[in-house]
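Q: sequence and predicted structure are below.
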Amino acid sequence: MRRDAAKLYIDYLMPIASLKIKGRAVLAPMAGVADTAFRLLALKYGAGMVYSELISADGLVRRNDKTLELIRIREEERPFGIQIFGSDPSVMSEAAAMVSQAGPDLIDLNFGCPVRKVIQRGAGSALLKDLPLLRRIVRSVVRQADRPVTAKIRSGWSERSIVAEEAARIVEEEGGQAVTVHARPRSMKFQGEADWTVIARVKEAVSIPVIGNGDVFSPEDAGRMLDETGCDAVMIGRGAMGRPWIFEEVNAFLRNGRYRLLSAEARIDVCLAHYGLALEMLEPERAVREMRKHIGWYVKGLHGSHRLRKTVFEMDDPVQVESCLRDFQRSLKKED
Ligand SMILES: Cc1cc2nc3c(=O)[nH]c(=O)nc-3n(C[C@H](O)[C@H](O)[C@H](O)COP(=O)(O)O)c2cc1C
């Protein structure tokens, strides 16, 4: 049965155990992109939930300082899921117990990462080749965690081995409370088109909430994914880069069938707000470095963006970067 996403949107709450996620769009975990500053912005614009980047269970149990830093939670950053990866059930459950103490709203298990460093350790998407081990991991984490456990899977290891339905069923059988499906096999990494029919099949296969993921770049895409697959919510990754307000657009579109496009100047205002948050959270040099790519995404397609990007990429001084952005914004005003 397909549903009319727009009609169902109003005040929609996706229940993940006792947690209620507002709306139908969540921010994807994105290492190196969706850090605290970005997550706070996404929440401000109506993302129903945000996630940490994937965090090594081994690093946690070894009490690696940098890894421990990643599970620090800010109260304003909720609902917040901490995502962990690993391949040893006992290490994963020990890590889950540590993560539980940090107090996230849920713990998400990464069964989708295609990066060599991760799959060489038998973790991430490699677990889609070993479903009995994936089962043991979910079981042992659910046993240790005192909060909802969810999983993020890909459709399979390769186009010839699509196992999403089976993997999702295992997650459900072992007590997982929701499953996110990135509708691409590991072999496709981020290339080619996501096959949303896999999401629809997973939705038919399980009764826990299903979050659909892959190639949602616009509010229309979000509506189409909800409609075509029957998934409970969509997860947006690359579509939110340089555009954290996409959640507001999606929410407006699902509610009213339309949304307002942000003006070029307003886009720079968001970029400046993002920069301000980054400066609050990070050492100035790090904030400048981290913001370079974001600035590139915010200004993409705007007149003069090429020059601005080049200038900002060579700057180290935080004050200069800000004034450069403000000059750019003024130049856009003159264009109007
Ligand atoms: C830069 C980058 C970093 C990512 N890091 C993670 C991660 O830490 N954990 C994870 O589960 N997925 C990660 N992903 C995958 C995304 O969460 C998402 O599944 C994928 O980008 C497909 O969604 P999209 O088409 O909306 O971008 C990452 C993707 C990108 C582009």
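A: Looks like it came in fine. Values in this document were obtained by computation on a predicted structure and should not be read as measured data.
Q: give me the phi and psi for the closest residue to Arg121 other than its chain neighbours.
A: Excluding its sequence neighbours, the residue lying closest to Arg121 (C-beta to C-beta, 6 or more residues apart in numbering) is Ser87, at 5.7 Å. All C-beta atoms are positioned from the backbone trio N, CA, C, and that covers glycine. The phi/psi pair for Ser87 (degrees, to the nearest 10) reads phi -130, psi 0.
Q: what residues are up against Ser87?
A: Listed by C-beta atoms under 8 Å, 6 or more residues apart in numbering, the contact set of Ser87 reads Arg121, Gly122, Ala123, Ala126, Leu127, Leu133, Ile137.
Q: please apply the same query to Ala205.
A: Glu165, Ala168, Arg169.
Q: likewise for Gly124?
A: Counting by C-beta under 8 Å, 6+ apart, Gly124 makes contact with Leu54, Phe85, Asn110, Phe111, Gly112, Cys113, Pro114, Val115, Val118.
Q: and the chain, which of its residues are near the ligand?
A: 28-33, 53-54, 83, 110, 112-113, 152, 182, 213-216, 236-239 (C-beta under 6 Å from any ligand atom).
Q: can you list phi and psi of Arg243 for me?
A: phi -160, psi 50.
Q: just to revisit the earlier point, can I have the buried ones of the contacts of Gly124 as a ChimeraX selection?
A: ChimeraX command restricting these to the buried ones, with burial defined by 16 or more other C-beta atoms under 10 Å:
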select :54,85,110,111,112,113,114,118
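Q: strands - which of the contacts of Gly124 land there?
A: Among those, the members falling in strands (DSSP state E) are Leu54, Phe85, Asn110, Phe111.
Q: just grab the bridge partners of the first one for me.
A: Yep, that's Leu54 we're talking about. Per DSSP bridges, the residues bridged to Leu54 are Gln83.
Q: show me the domain layout of this structure.
A: Domain segmentation of the chain under automatic domain parsing yields 5-256, 264-335.
Q: which of those sits most buried?
A: Each of the domains of the chain was scored by mean neighbour count; the highest is domain 5-256, a mean of 20, by mean count of other C-beta atoms under 10 Å.
Q: chain neighbours aside, what residue packs nearest to Leu60?
A: Of all residues beyond its chain neighbours, the one nearest Leu60 is Ala95 (4.2 Å), with distances taken as C-beta to C-beta, 6+ apart.
Q: show me what contacts the one you found?
A: Counted by C-beta under 8 Å, 6+ apart, Ala95 has contacts Ile55, Ala57, Asp58, Leu60, Val61, Ile84, Gly86.
Q: the last one contacts Ser93, correct?
A: So the one you mean is Gly86. No - with contact defined as C-beta atoms under 8 Å, Gly86 does not reach Ser93; the gap is 9.7 Å.
Q: torsion angles phi and psi at Phe38?
A: The phi/psi pair for Phe38 (degrees, to the nearest 10) is phi -70, psi -40.
Q: pLDDT at it, what is it?
A: Listed pLDDT for Phe38 reads 98.
Q: list the residues that contact it.
A: Phe38 sits next to Pro244, His274, His294 when contact means C-beta under 8 Å, 6+ apart.
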